[in-house]
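J.: Build me a model from this:
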Amino acid sequence: MKPIRHSLILLTFFLFGSGFSSGQEICNNNIDDDGDRLIDQYDLEDCPCTRADNFKISLITNASFENTNCIPTGNGQLNCAEGWEQATLSTPELFSTNGFMPDMVPQPIPDGNNCASSTFGPSIMDYLGTCLNGPLLSGQTYLLKFNIAADTYDGQDSYPGALVDIVLFGSNKCNMFPLQTVFCPEGLGYTEIGRYTYPIQNQWSTIELYFTPQEDISSIMLGGSCDFPQIVSFDIFWDNLQLNRVLDEIIYYVPNTFTPNGDEHNNVFNPVFVCGYDPLEYRFDVYDRWGEIVFTSLDSKTGWDGSYHGLPAKEGVFGWKLEYKAENTTEKKVITGHANLLR
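T.: Residues are numbered from 1 along each chain as shown. Got it, this is the predicted structure:
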């Protein structure tokens, strides 16, 4: 992992390097250009700031099942969704508002027009399968975030309080589909790498499944657990499967001097975040030598212009306090420091 960057020189190197040369990673083309098995935002050595841009990819190709090579007309047509596979001998579904869409699927679809479906039951277990567009690396933490809904397969109205384990399986190989089983894939080249206990409900919700694989993973399967209670059947609906590496380091710097003198440089004082922070959990205070707050901002893009009550503040040393939260944690961090105001 990259350490936190406090140096303007280092940050400038990352942001405005001398340009890309042959064999160097290009950060927005979904290709491993430099051959280090890391793609775009996951190549932290070459693309440390990609998360600060609007561009963000999922390691799962066709995350919302929108790219299709055919329109589904009935059950068992997941193969219409590019990149997705019938992972075992049982048949998951592709549903589309432009084609086949049963009434039991909650509307509207969270992302686009398509979603997938699989069945968990006593006689059959469907699994979605796909080869990843980049490997999951052993010992690194990842987040699989997706939309999910459910319906009872046997026509009963509801099962209040019913829980089912959603399980993510992985393999270091690809192109193994379909596995020769209608049940659990363990022992057939796949092992469990993540699990989430889901309360059955007939409306769309969002699941965040964090996991750390113990070997490199090239393909995944998603479905029910091997210890699924063989009591009742459910249809599970899936959409918008975003799989990304968890970046627990935040790259930023805070200048130690600024010069609000009206020229083209250093007229505003504020922290500069590059990657990994939550913009909704941000506060920056500047205070004078007597501890009085002279400036507050809740927006990382809005800094202090060196004025107080509409008048230019005097030259001197000002203290500051920064509160922020990383994207994938609930813990807030507070750091303090000093900066020189020069005119």
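J.: end-to-end on stretch 78-96?
T.: 11 Å (CA to CA, to the nearest Å).
J.: quick one: buried residues of that stretch?
T.: By neighbour count on 16 or more other CB atoms under 10 Å, the buried set for stretch 78-96 is 78-81, 84-88, 90-96. Just so you know, the C-beta spots here come from the backbone N, C-alpha and C atoms, and that holds for glycine as well.
J.: Now do the same contact list for L94.
T.: Going by CB atoms under 8 Å, 6 or more residues apart in numbering, L94 touches 65, 68, 72, 77-81, 84, 100, 114-117.
J.: give me that answer again for 6 Å
T.: Neighbouring residues of L94 by CB atoms under 6 Å, 6 or more residues apart in numbering: P72, Q77, L78, C80, A81, A116.
J.: in the stretch 201-343 of the chain, which ranges drop under the pLDDT threshold?
T.: Applying pLDDT under 70 to the stretch 201-343 of the chain flags residues 228-231, 247-252, 274-276, 327-329.
J.: One more pass at 80, please.
T.: Scanning the stretch 201-343 of the chain with the threshold set as pLDDT under 80 gives 228-233, 245-253, 264-265, 272-278, 326-331.
J.: Which parts of it are strands?
T.: 205-211, 217-224, 234-245, 251-253, 257-258, 272-275, 277-287, 293-297, 307-308, 311-312, 316-326, 332-341 (DSSP state E, counting those that start in this stretch).
J.: Point out the most buried one among those strands.
T.: By mean neighbour count, with neighbours taken as mean count of other CB atoms under 10 Å, strand 217-224 ranks first of those at a mean of 24.
J.: neighbouring contacts of that strand?
T.: Contacts with strand 217-224, where a contact means CB under 6 Å, 6+ apart, come from 87, 118, 120, 125, 127-129, 131, 135-136, 168-172, 174, 185, 190.
J.: Apply 8 Å and report the result again.
T.: Outside strand 217-224, the residues that touch it by CB under 8 Å, 6+ apart are 60, 87-88, 118, 120, 125-132, 135-136, 164-176, 184-185, 190, 193, 236, 238, 241, 243.
J.: which stretches of the stretch 1-150 of the chain have low pLDDT?
T.: Within the stretch 1-150 of the chain, the ranges that satisfy pLDDT under 80 run 1-58, 122-123.
J.: gap between stretch 254-269 and the chain center?
T.: 35 Å (CA atoms, centre = their mean, to the nearest Å).
J.: Any idea how far apart the tips of it sit?
T.: Using CA to CA, the two ends of stretch 254-269 sit 8 Å apart.
J.: And stretch 88-101, by the same measure?
T.: 23 Å.
J.: can you check stretch 58-65 too?
T.: End-to-end span of stretch 58-65 (CA to CA): 12 Å.
J.: same deal with stretch 76-83?
T.: Start to finish, the residues bounding stretch 76-83 are 15 Å apart (CA to CA).
J.: Quick one: residues in contact with that stretch.
T.: So stretch 76-83 is contacted by 60-62, 65, 67-72, 84-86, 91-94, 100, 114, 116, 128, 130-131 (CB under 8 Å, 6+ apart).
J.: F295 reaches V286, doesn't it?
T.: Yes. Between F295 and V286 there is a contact under CB atoms under 8 Å: 4.2 Å.
J.: shared neighbours of these two, anything?
T.: Counting by CB under 8 Å, 6+ apart, the contacts common to F295 and V286 are W304.
J.: Select, from the buried residues of stretch 78-96, the two members most distant in space.
T.: Across the buried residues of stretch 78-96, the longest distance by CB to CB is 22.6 Å; it joins T88 and S96.
J.: those strands in the stretch 51-200 of the chain, which residues are they?
T.: Secondary structure of the stretch 51-200 of the chain (DSSP E, counting those that start in this stretch): strands at 84-86, 93-96, 114-120, 128-136, 142-152, 163-171, 191-199.
J.: so A162 sits right up against P199, yeah?
T.: Yes. With contact defined as CB under 8 Å, A162 reaches P199; the gap is 7.2 Å.
J.: Which one's more surrounded, the two?
T.: Between A162 and P199, counted using other CB atoms under 10 Å, the more crowded position is A162 (16 against 12).
J.: Near the closest residue in space to that one that isn't next to it in sequence, how many other residues are there?
T.: Spatial nearest neighbour of A162, excluding adjacent residues (CB to CB, 6 or more residues apart in numbering): I200 at 4.3 Å. For I200, the count of nearby residues is 20 (other CB under 10 Å).
J.: go on, the one 4 residues further on?
T.: W204 sits with 20 neighbouring residues when counted by other CB under 10 Å.
J.: pretty sure S64 contacts N114?
T.: Yes. Between S64 and N114 a contact is recorded at 6.8 Å, counting by CB under 8 Å.
J.: Give the residues shared as contacts by these two.
T.: Shared contacts of S64 and N114 (CB under 8 Å, 6+ apart): D239.
J.: before we move on, the earlier item: closest to P108 out of the contacts of L94?
T.: Using CB to CB, those come closest to P108 at A116, 15.8 Å.
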